[in-house]
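J.: no sequence on this one, just coordinates:
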């Protein structure tokens, strides 16, 4: 069965310090992996995606993620947090083929303190 | 381009009432999806469509119906609303690179 586990439900950092949001996945297939961000009362916005090209993926707003097949991980990082990064982040696995089912993690709420 | 639009933004229903959540897209994407997001949870797929006239159930279809008469529109119908349907509903489309594009959501409360 395919699944996504976000290892932290809440992460709190100080502005200017690094961000690490952890995600592990389980998939029998070669997955596509995504990180989406959701600001309060907003829809989801794509941060970045991995689709079997380079294992280090750069996204918008300085975020990046590294696909590690041996660890079945796809952790999201940013060198320096900004106040505007405070939001909910979702790690998502996509099973290609068929209707492209997305499997969402439960989300990680990132708080950024001045 | 407006992308994916949803109406209404908010709605309060009484138990047993019915309503239709509207979703429209102007990106000419064949694939469209309806999700619900319960507090503190990720999104769960209700229904999806691979093109006009073709729809199918997702993970949590009970209590909902959909139709897809055009490429642009994918309405979600709630019949006999129940408190368990209190949620935020998101419509999405998918492009050829498997990226999904989400609407702003409809916040529904059933009391």
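T.: Alright, I've got the coordinates. This structure is a prediction, so every number in the text was calculated from the model and none was measured.
J.: by contact count, what packs against the helix or strand bottoming out on mean pLDDT in chain B?
T.: Least confident helix or strand, chain B: strand B:100-102 with a mean of 90, by mean pLDDT, DSSP states H and E. The helices and strands touching strand B:100-102, judged by 3 or more C-beta pairs under 8 Å, 6 or more residues apart in numbering or on different chains; DSSP states H and E, are strand A:44-50, strand B:87-94. Any C-beta I mention is one placed from the backbone N, CA and C, and that applies to glycine too.
J.: Make sure residue A:13 is actually in contact with residue A:112.
T.: Yes - look at residue A:13 against residue A:112 with C-beta atoms under 8 Å: they come within range, at 5.8 Å.
J.: any shared contact partners between those two?
T.: Residues touching both residue A:13 and residue A:112 (C-beta atoms under 8 Å, 6 or more residues apart in numbering or on different chains): residue A:81.
J.: Which stretches in chain A count as helices?
T.: Taking DSSP state H, chain A contains no helices at all.
J.: For residue B:107, give the beta-bridge partners.
T.: residue B:10, residue B:88 (DSSP bridges).
J.: and the residue of chain B found nearest chain A, what is it in contact with?
T.: Among all residues of chain B, residue B:42 sits closest to chain A, at 3.0 Å; criterion: C-beta to the nearest C-beta. When contacts are counted by C-beta under 8 Å, 6+ apart, residue B:42 touches A:4, A:90, A:92, A:104-107.
J.: Would you mind listing which of those are buried?
T.: Burial by neighbour count, judged by 16 or more other C-beta atoms under 10 Å in any protein chain shown, picks out A:4, A:90, A:92, A:104-105, A:107 from the contacts of residue B:42.
J.: any chance of those in a markdown table, plus pLDDT and distance to chain B?
T.: Converted to a markdown table, the buried ones among the contacts of residue B:42 look like this (pLDDT from 0 to 100; distance: C-beta to the nearest C-beta, whole Å):
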| residue | pLDDT | distance to chain B |
| --- | --- | --- |
| A:4 | 91 | 8 |
| A:90 | 95 | 6 |
| A:92 | 92 | 8 |
| A:104 | 89 | 3 |
| A:105 | 91 | 6 |
| A:107 | 93 | 6 |
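J.: Give me the subset of those lying in strands.
T.: A:4, A:90, A:92, A:104 (DSSP state E).
J.: check contacts around residue B:12.
T.: B:108-111.
J.: and what of residue A:21?
T.: A:6, A:8, A:11, A:35, A:75-77, A:89, A:91, A:108, A:110.
J.: At the contact with chain A, which residues of chain B appear?
T.: Residues of chain B found near chain A (C-beta under 8 Å from any C-beta of the partner chain) are B:4, B:31, B:33, B:40-45, B:48, B:50, B:56, B:58, B:90, B:94, B:97-105.
J.: Narrow those residues to just the buried residues.
T.: B:4, B:31, B:33, B:42-45, B:48, B:50, B:58, B:90, B:94, B:98-105.
J.: ranges for the strands of chain A?
T.: A:3-6, A:10-14, A:19-21, A:23-26, A:32-38, A:44-50, A:56-58, A:64-68, A:73-78, A:87-95, A:101-104, A:108-113.
J.: For residue A:5, which non-adjacent residue is closest in space?
T.: Closest residue to residue A:5 apart from its sequence neighbours, by C-beta to C-beta, 6 or more residues apart in numbering or on different chains: residue A:24 at 4.8 Å.
J.: No further queries at this time; thank you.
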